[in-house]
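A.B. asks: Quick one: sequence and predicted model below, then my questions.
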Amino acid sequence: MARPYYDEETDGMVYLVTPGVDDDEEMDQYGPYEDSDMDTISSASTRRTSSTIASDEIGEYFRQAYGRIYPMDENLPFTYPADEIETRRQQMQHVALKALLHGNYIGPVPHVLRPRPDGRRPRILDIRTCDGAW
């Protein structure tokens, strides 16, 4: 299970992953995480997807629709395909946007991600970056 904690060195949340530890055993050891903002389905999804998928198991994780391959995970919306065609499209889009902007867009990241006056920290949603070439 991945356990989130605040890291002062990076000024952000870090996830401690303990392979092979039963979820109930770990919760007993550390106790429940207090910040309800961090309670998400992502840790469950991460555990399910952290192992290697054998080729004969692909049908358990992906579905085919309209001639394209989509994730079978019920936590993911039926949005973009998860196949090689989509990966290439996203790579071309990235290259085009990077050329248009003359490099990576940094944006107001430090401003947007700074802690709020009430002490809460913004959260980030990872929206399937595929190969992460950004």
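C.D. replies: Sure, I can see it.

A.B. asks: what's the following helix or strand after the helix ranked longest in the chain?
C.D. replies: The single longest helix within the chain, with elements called by DSSP state H, is helix 84-100. Scanning forward in sequence from helix 84-100 by DSSP states H and E, the next helix or strand is helix 109-112.

A.B. asks: Could you list the residues in contact with that next one?
C.D. replies: With Cβ atoms under 8 Å, 6 or more residues apart in numbering as the test, helix 109-112 has contacts from P122. Just so you know, the C-beta spots here come from the backbone N, C-alpha and C atoms, and that holds for glycine as well.

A.B. asks: For the protein, which segments count as helices?
C.D. replies: Assigned by DSSP H, the helices in the chain fall at 23-30, 42-49, 58-61, 84-100, 109-112.

A.B. asks: what's the domain layout of the protein?
C.D. replies: According to automatic domain parsing, the chain comprises the domains 1-51, 53-78, 83-134.

A.B. asks: These: lowest mean pLDDT?
C.D. replies: Out of the domains of the chain, domain 1-51 stands lowest, with a mean of 52 (criterion: mean pLDDT).
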